[in-house]
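>>> 3D model of this:
(one chain, ligands or ions: 1)
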Amino acid sequence: MTVTRFAPSPTGRLHVGNIRTALHNCLLARKAGGRFMLRIDDTDAARSEEQYVEAIRADLDWLGLTPDGEERQSERLALYDEAFEKLRAAGRVYRCYETAQELDLRRKVLLGRGLPPIYDRAALGLTEADHAAKAEAGVAPHWRFLIDREEAIAWDDGIRGPQKFEGDRLSDPVIRRADGSWLYMLPSAVDDIAMGVTDVLRGEDHVSNTAVQLQMFTALGATPPRFAHEALLTGNEGKLSKRLGSLGVDAFREQGLEAMAITSLLARIGTSQPVVAETSLEALADGFDLSTFGRAPARFDEGELLRLNAQIVHQMDYAEVRGLLPEGMDEAAWLAVRPNLEKASEAQEWWQVIAGDVPRPDLSDEERAFAGQAADVAETLDWGEDAWKALTAALKDATGRKGKALFLPLRLALTGMDHGPDMATLLPLIGKARAVERLRAAG
Ligand code: GLU
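From the prediction side, this is the model:
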């Protein structure tokens, strides 16, 4: 059974980049009939906040990406201790004491010589007496994972294809701080094993972590999951602007965007498949295919998001939007204005045009006279479904006006606007009394 996971750190709100990762993991699991898990990576107690855990859950729900289960790293510390002891017994972790400044200096020296800035393993040379002296002085060690430099590191990446790493190009990562707290690397591998994760799908910024974590899986006696790393997200300008990069569900909601517009876009950008406005995650899951993902960055275009949103709104049933519509706005009115909306919330403005007060248009004297004439004609009309046809036909005969000269002053007088939904559908909704009154007022 396919098991995927989305593993955010609750140090802030989700933004487009991690919404995309969550979505892809959800789609991968749904397509395979598997499970999509949420894992809260909250080992960094100082930076993790409960409000963000709650926001992450709420955001996923709003997007329709409700997970099939949830784990929290802060509740799984015993598992990490156990794995750590296992690695320690096998000689795969070791004690270090370098300060951040020392390490920084050494990195700079290496970089200056054109060498990869990897840890020199100086602490491996410490004797038990050295460690005892540190303990005596009250200095606790931090711990590094010992990479096996003999072991070939290779995997067939679901997106990038065959990957190969030389162990001696990798730095032994610090996995545990001197205060006993955990860094990301080991807990993630331990959880992927314990949670039965079969597919790790994440950003390409994690590629070198995967090289290290593969050795952790093996050292812990587990079969590694499949890995796939997707190209990062960029904005239109070639990089993700600060504003775009921090766009989150709350901003999308405030803008009145539909979750399916966001997921439709994020599901397909960066792939060879066209971006299509889908109305269900099932449809997105059906087409989800890692082999269509490219290596080039995925471009997130807000204009495209708006276009998708409009397409989705144009397909929305009355039942779906009813709760969002103004009091009194019925199905006929929704269907009449729907093709003119980019966002469902704009229905409000059109309802005002149908049932509220409209501004008096700025008409020429001639047009005002015409509006007055139109009011007289409208009053005598048999007001049915084709009121617009009847009104315009009668006025055409009476005045010789046609085309724009006929239609535009009427639209202006009847709606206060020079554009909008088809007048033939709008006029019966406006109704005879209001129509006559508006034409009169414009005249
Ligand atoms: N908490 C990690 C992150 O947000 C998870 C990475 C992963 O998917 O393994 O970068």
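>>> Pull the number of nearby residues for V436.
As a burial measure, V436 scores 20 neighbours (other Cβ atoms under 10 Å). All C-beta atoms are positioned from the backbone trio N, CA, C, and that covers glycine.
>>> Offset the numbering so it begins at 586, please.
With 586 as the first residue, the last one maps to V1021.
>>> what sits up against the helix or strand hosting it?
According to DSSP states H and E, V1021 maps onto helix 1017-1027. For helix 1017-1027, contacts defined as Cβ atoms under 8 Å, 6 or more residues apart in numbering pick out 940, 943, 945-946, 948, 953, 956-957, 959-960, 963-964, 966, 968, 972, 994-995, 997-999, 1012, 1015.
>>> 7 Å - rerun?
Helix 1017-1027 is contacted by residues 943, 945-946, 948, 953, 956, 959-960, 963-964, 968, 998-999, 1012 when judged by Cβ atoms under 7 Å, 6 or more residues apart in numbering.
>>> Show me those that map onto strands.
For those, not one is inside strands, with DSSP state E as the criterion.
>>> Tell me the one of the residues you listed nearest the ligand?
V943 (51.3 Å; Cβ to the nearest ligand atom).
>>> Run through the residues that contact that closest one.
So V943 contacts 1000-1001, 1023 (Cβ under 7 Å, 6+ apart).
>>> Quick one: name the residues of the protein near the ligand.
592-594, 626, 769, 773, 787, 791 (Cβ under 6 Å from any ligand atom).
>>> Any of those buried? List them.
Among those, those classed as buried by 16 or more other Cβ atoms under 10 Å are 592-594, 626, 769, 773, 787, 791.
>>> Which residue ranges of the protein form strands?
Using DSSP E, strands in the chain cover 588-591, 620-625, 654-657, 678-681, 727-730, 738-742, 746-750, 759-761, 784-788, 811-815, 818-819, 883-884.
>>> Distance to A1027 and mean pLDDT for the ones you listed - can I get that in JSON lines?
What follows is the strands of the chain, written out as JSON lines (distance: least, Cβ to Cβ, whole Å; pLDDT from 0 to 100):
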{"stretch": "strand 588-591", "distance to A1027": "57", "mean pLDDT": "98"}
{"stretch": "strand 620-625", "distance to A1027": "57", "mean pLDDT": "98"}
{"stretch": "strand 654-657", "distance to A1027": "60", "mean pLDDT": "98"}
{"stretch": "strand 678-681", "distance to A1027": "82", "mean pLDDT": "98"}
{"stretch": "strand 727-730", "distance to A1027": "78", "mean pLDDT": "98"}
{"stretch": "strand 738-742", "distance to A1027": "66", "mean pLDDT": "97"}
{"stretch": "strand 746-750", "distance to A1027": "67", "mean pLDDT": "97"}
{"stretch": "strand 759-761", "distance to A1027": "75", "mean pLDDT": "98"}
{"stretch": "strand 784-788", "distance to A1027": "58", "mean pLDDT": "97"}
{"stretch": "strand 811-815", "distance to A1027": "57", "mean pLDDT": "98"}
{"stretch": "strand 818-819", "distance to A1027": "50", "mean pLDDT": "90"}
{"stretch": "strand 883-884", "distance to A1027": "47", "mean pLDDT": "94"}
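>>> Could you check how far the residue of the stretch 836-985 of the chain found nearest the ligand is from L688?
Nearest residue of the stretch 836-985 of the chain to the ligand, counting by Cβ to the nearest ligand atom: L875, 15.5 Å away. L875 is 37 Å from L688, where distance means Cβ to Cβ, to the nearest Å.
>>> just checking, T977 touches L991?
Yes: between T977 and L991 there is a contact under Cβ atoms under 7 Å: 6.1 Å.
>>> Brilliant, that's me finished.
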